[in-house]
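the amino acid sequence is not available; the structure is as follows:
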């Protein structure tokens, strides 16, 4: 537990959050909780929430704990009490909001995927680079980096405990639209979401594997598939699902994305992101095999990292089930005693902790928009490869 | 996610928390978070924190988010803005504080074990009964009941999915003092803690199994052991551990408690609570075998319940790994989508949700002090049995 | 794989097997297979099978690969081509056969439990001791000792990798009579079987834990229960089950046995053997916690041993899933490459390998009848304790 | 267990085995054991073993239990006491031996991969088709089909329990040459082995997935990699490894093969076969996701099949850990009681059981050479795809 409080004397850091659906709830919890467990150099203040519909925005602000609600996100850019713009809207709006916020001198935390197109992402990365010269920070919300087990995974690779990496095996398996009667939502609409499983969850395993390896994907070969091309229209578009109506509409994004990848180091990757893995709810799985050892992770058991140390005597070598709740593990000392596991939302808390510290220290928080752009290029290369049926450079 | 906010119009419920160590941090998080995810009929206000040392209490209040700090816990009983007294101190103080608070008309949430002796627990249960007649509520903090997987376990038993229960196998395995050099703390001092593994973690599996089965333990036979009877004195007594000094002192509580138990229904139980299970950090494990099916749980994988349905065709029967994150599961709808697991602290949030609702509805929250007394009697029977070497009635 | 054959030049070792049910099939497979994988100093010859019913014995001999069938087991003691008597009959006949065989100068392999009473076991141990002086060997069939993972477990304890042992947690869970309509068989008849779960499967965990720890149980406190005291009579008594008739009869043995145990070293044990653990088919589970490390095993994953090395840095410590199929592991080099697991029957093969080698080397094979007697005394102490409700010395 | 023996009155079926390394040992065990557990219409006789080196062949025959050893495999084709030729040699010799044996009227069991080239496989399939018209049978040794858990998997798919199949995820992970100092063996020599991981273990997952789905792969896109292109020469070429010398030689096969696949039904597959997955010894893993349910298997836990029934109520749905040792499960009734698991070698026993029965019944045993050819075409398409960097039709 922290040894000194984030007291009232700490300078405030005003936050404006744009959007208030699933991600808005997760980000709100992070801003609310972080200062009570981590010793922060700036004190986050949940100043204002922006949402298109006035009533729904106000209700969200009340429920999620924001002081005020507005309907025009642009209005928050003029406020002196807002230092950070936290973007939780669908991907098609990220570029406009982020670029404007950075131009207005606001630090930006942008949900992933950073953008719907490489073009947007390029513009965002350029805006972030310009802003950085003025001390304004930008960060992409690849939260899984902040799961302690994946932080430990990166540390072990960086320490050379795995040696040269041969294989990466990454899957992000969900099943929430395996039922053909599940209705259309904005996440199945290419205009809003940019892509389907590829950008929504595939982006996470691209970032997470590059993060763990400290390496970059240079070439991909993949395929996209839409198993159910037509679905009932939803009567309500909010949330992850909705109620189905009698009319149907086209699914314009991929249900699943599979691709092979080559990393700069020569490591070989196999990636799969799908919303059709029946029985798998949020199975983000990563296995890494190196010359000296291996790692395996499954988000369905998120407080555990499996580690095989190949330098052990073969009679006692085996995958170790490390319960990643020791004080030595990334972020863990701030929380509970060993064995008292964390949940999904804690990675969001760690994310704002890292952002607040970077802002205070005047350093770039990771992942930067440049890294977000790099992920976007991988996704675009997968799409191009799926189109052409050949390997594509990233 | 909740459909209506716990808005400013909701009547306030002022909370005073006594104590601010490990449990204080967990309870504070619960009070802070609950209203943002659950639709509560009363709005918890974190009014005042009481701690013996003025500076440390103030620092804790700042860090944990309490409006005010006081050093005299009795002072909170006179305040009109305090409706609930939340007791997070060591067990030797529970009876005095709880009885006084109830007498003062304050609702009480009391950490487990409810008391250090059966005598204290009897007095508390009587005080609670008197208070209930005046609409004042009392609840014991057996939080594991509020882990969704254990709530589901109880539901399945109550629905008859397991049939007649034959076996209960419960273990609570930790290893935090397996090192003989780990220093003495108040948890190893019988005067403060009442007992060791038995009361600290054994109490949890007694309550959890009785809760799941809807049954009571009637007879026990057990043994207590102290593997390391002498330890270095700690230079600081706060927290779970501390720094060791050169002097040593006696461990006056049990390091491990093992007992067999008979339930009223005829089910047979095997219980083990230990702080010496090397490599097990917080492994609260429960397995229940019935005539029609079985259940298994391990807190190290807390979002999962294993369920064997013996009425399945034997060619496809098998323990099902239920990921207990569906909206249908207890408490889960308020949180995240399926597969996005909860952590240790969420059970504390569920606890205050249940308490606030019971207060508003004018009903007794479970577990009552009468139930806490019943657990205390089981612990006392184990101690008596360990002394006499024979079976003891509860 | 073996480097030199067990060729025809190797002196023969004639085997007579008494009984031919489940255990007969397992023993036959062992005698048949052992010489083709292990380099044996004597060549087992499957000479004669004895069974009470002539037709059934002949059919069994044909099916199981024995040269000849006889109905009078005593006749095999006079034969010069029989060197080993392998006893696979129910427990009530063990003493008579074993003592007669040893007196006739035949080496004896006796299935467990060694006897139905301590008295019989004492007589057998004395007979074995007398026989040993004449170079005649006797061995009890506690086959689980010969599962490679348990051999590795013993090695790790013996090497001090676990340090001082604090806890042993042993369960043998089956469910084959959880259905109250399952018919009576000889295994539910005290006269034939001696006891129920206690002797049939409880004996295995008593032997296995004493073997792994190199320690002995000195005191026990336990209880026995018969959940279903009356069952349909079987129309046929052979095999594990049979067809139920309309008449019923009493179950005269325990359905489950639970006991606590103290080892000579001070380690504390918790034991449970049951035929009522719905969904557990043959779950022999052992966990050992020591000052330096821990071990865990489950026969349902028999090629794996979990090992926690507490001397590891806490940031990477974790239970290692050792796949016990490396050539360095006990018995494994004779079989397949790493990762190509063994099955239930292989432990029987290892058993005859150890017996044949001991006979050739003129040493006592483990476990001796003295060790079998020691297990019998533990079982008897559990029964006495269940009767008196107090601790009993072994 | 079997109810009637394979007695002496059963007509004999003479077997000649060509080759006697790892696979020779596994096949010998199968021929030896099968008649004692399964009721066979023909009685296998282990007549003759052929090996190039006279001394080594004789030693192998002695050790493995063959009546006779010869050095010229062609000589066995002229013998009247040989009815089956069992080919356990490296892949470059399969076509010649199999075609000659079939021409000589001998039934053939040929180890996988069936051949080193599609050309050879075509010739073999044609020879098998001609032979079949004369009642002579040919079978490829894809043994994993005969693991009971995979048989059950196929049954569940065939019964429609999974619905339309969306995803197949297949991995065969080993690590036996992850050490760059591991010496060259014939398995790393393209002339002898045809390919590396692709043909040796990739072939197994191609066959196993097609078998489970009852479907065929129509198109693939893949890559092959050789992580360690140069290795020490072995001083001895026998076995899986050997002793390294100072000289080195080129590795001419792939260390790992990754490919995406489309099945005729529209299912999407992801395949990976590697000898560089540190810590994975023989991890043949298959996961199948369908519209109604899912399956998962890992050979490191070979007696278990995971099954998710998506038609369950979501509050109790979960992957069921089916212990595939019930009498209802494929092949299991012949062996041990529930929970007493089988090992690697048992699949070989099941293989000869199916072959012997097909021979006696005059039906084609599966997998036929036509199916083996189909697998070979998939492997060739992967190689072509790896060359061209595009998708290839099978």
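Thanks, I have the structure now. Predicted, not measured: the structure shown is a model, and the values here were computed from it.

correct me if wrong, but residue A:212 is in a helix.
Yes - counting by DSSP: H, G, I helix; E, B strand; the rest coil, residue A:212 falls inside a helix.

ok, it - contacts?
Residue A:212 makes contacts with A:150, A:153-154, A:157, A:286, A:288, A:295, as judged by Cβ atoms under 8 Å, 6 or more residues apart in numbering or on different chains. Where C-beta positions appear, they are placed from N, C-alpha and C, glycine not excepted.

so which of those residues is the closest to residue B:100?
residue A:150 (48.3 Å; Cβ to Cβ).

show me how far the host helix or strand of the closest one is from its chain's centre.
Following DSSP states H and E, one finds residue A:150 within helix A:148-158. Distance of helix A:148-158 from the chain centroid (Cα atoms, centre = their mean, to the nearest Å) equals 17 Å.

quick one: residues in contact with it.
A:144-145, A:162, A:165, A:208, A:211-214, A:286, A:288, A:290, A:293, A:295, A:297, A:302-305, A:307, A:322, A:324-325, A:329-332, A:342, C:315-316.

so which of the residues you listed belong to helices?
Among the contacts of helix A:148-158, DSSP state H puts A:208, A:211-213 in helices.

of those residues, which is the most crowded?
residue A:212 (27 neighbours; other Cβ atoms under 10 Å in any protein chain shown).

quick one: contacts for residue A:211?
Counting by Cβ under 8 Å, 6+ apart, residue A:211 has contacts A:142, A:145, A:150, A:154, A:367.

tell me the pLDDT at residue A:243?
On pLDDT, residue A:243 comes in at 67.

nope, residue A:4 is what I meant
pLDDT, residue A:4: 40.

please name every helix or strand in contact with whichever strand or helix holds residue A:348.
Using DSSP H and E, residue A:348 sits in helix A:346-361. The contact analysis (3 or more Cβ pairs under 8 Å, 6 or more residues apart in numbering or on different chains; DSSP states H and E) places helix A:346-361 against helix A:22-37, strand A:107-111, strand A:138-141.

who's in contact with it?
Contacts for helix A:346-361 (Cβ under 8 Å, 6+ apart): A:13, A:26-27, A:29-31, A:33-34, A:37-38, A:40-42, A:44, A:83-84, A:107, A:109, A:137, A:139, A:141, A:143-147, A:330-331, A:335, A:364-366, B:343.

do that again at 6 Å, thanks
A:26, A:30-31, A:33-34, A:38, A:40-42, A:107, A:109, A:137, A:139, A:143, A:146-147, A:331, A:365 (Cβ atoms under 6 Å, 6 or more residues apart in numbering or on different chains).

for chain D, what are the nearby residues on chain A?
A:166, A:223, A:225, A:227, A:258, A:260, A:268, A:270, A:272, A:276-279, A:289, A:293-294, A:308, A:310, A:319, A:389-391 (Cβ under 6 Å from any Cβ of the partner chain).

now with 7 Å, please.
Counting by Cβ under 7 Å from any Cβ of the partner chain, chain A comes close to chain D at A:166-167, A:169, A:178, A:221, A:223, A:225, A:227, A:256, A:258, A:260, A:268, A:270, A:272, A:274, A:276-279, A:289-291, A:293-294, A:308, A:310, A:319, A:389-391.

mark which of those residues are buried, thanks.
Neighbour counting by 16 or more other Cβ atoms under 10 Å in any protein chain shown classes A:166-167, A:169, A:178, A:221, A:223, A:225, A:227, A:256, A:258, A:260, A:268, A:270, A:272, A:274, A:276-279, A:289-291, A:293-294, A:308, A:310, A:319, A:391 among the residues of chain A next to chain D as buried.

tell me the residue of the stretch 151-300 of chain A that sits nearest chain D?
Nearest residue of the stretch 151-300 of chain A to chain D, counting by Cβ to the nearest Cβ: residue A:279, 3.2 Å away.

can you report phi and psi for that residue?
Main-chain torsions, residue A:279, degrees, to the nearest 10: phi 100, psi -10.

got a pLDDT number for it?
At residue A:279, pLDDT is 97.

ok, it touching residue D:295?
No - counting by Cβ atoms under 7 Å, residue A:279 does not reach residue D:295; the two are 9.4 Å apart.

elements contacting the helix or strand of chain A with the lowest mean pLDDT?
Within chain A, confidence by mean pLDDT, DSSP states H and E is lowest for strand A:244-250 among all helices and strands, at a mean of 86. Here strand A:244-250 touches strand A:230-234, going by 3 or more Cβ pairs under 7 Å, 6 or more residues apart in numbering or on different chains; DSSP states H and E.

partner strands of the strand it packs on, with direction?
Strand A:230-234 sits in its sheet next to strand A:244-250 (antiparallel), going by DSSP bridges.

and the helix or strand containing residue A:56, how far from the chain's centre?
If you go by DSSP H and E, residue A:56 is part of helix A:54-64. When C-alpha coordinates are averaged (Cα atoms, centre = their mean), helix A:54-64 and its chain have centres 24 Å apart.

direction included, what does the following helix or strand past that helix pair up with?
Using DSSP H and E, the helix or strand that follows helix A:54-64 towards the C-terminus is strand A:68-70. Strand A:68-70 pairs in its sheet with strand A:43-50 (parallel), by DSSP bridges.

and the strand it pairs with, average pLDDT?
Mean predicted lDDT for strand A:43-50 stands at 98.
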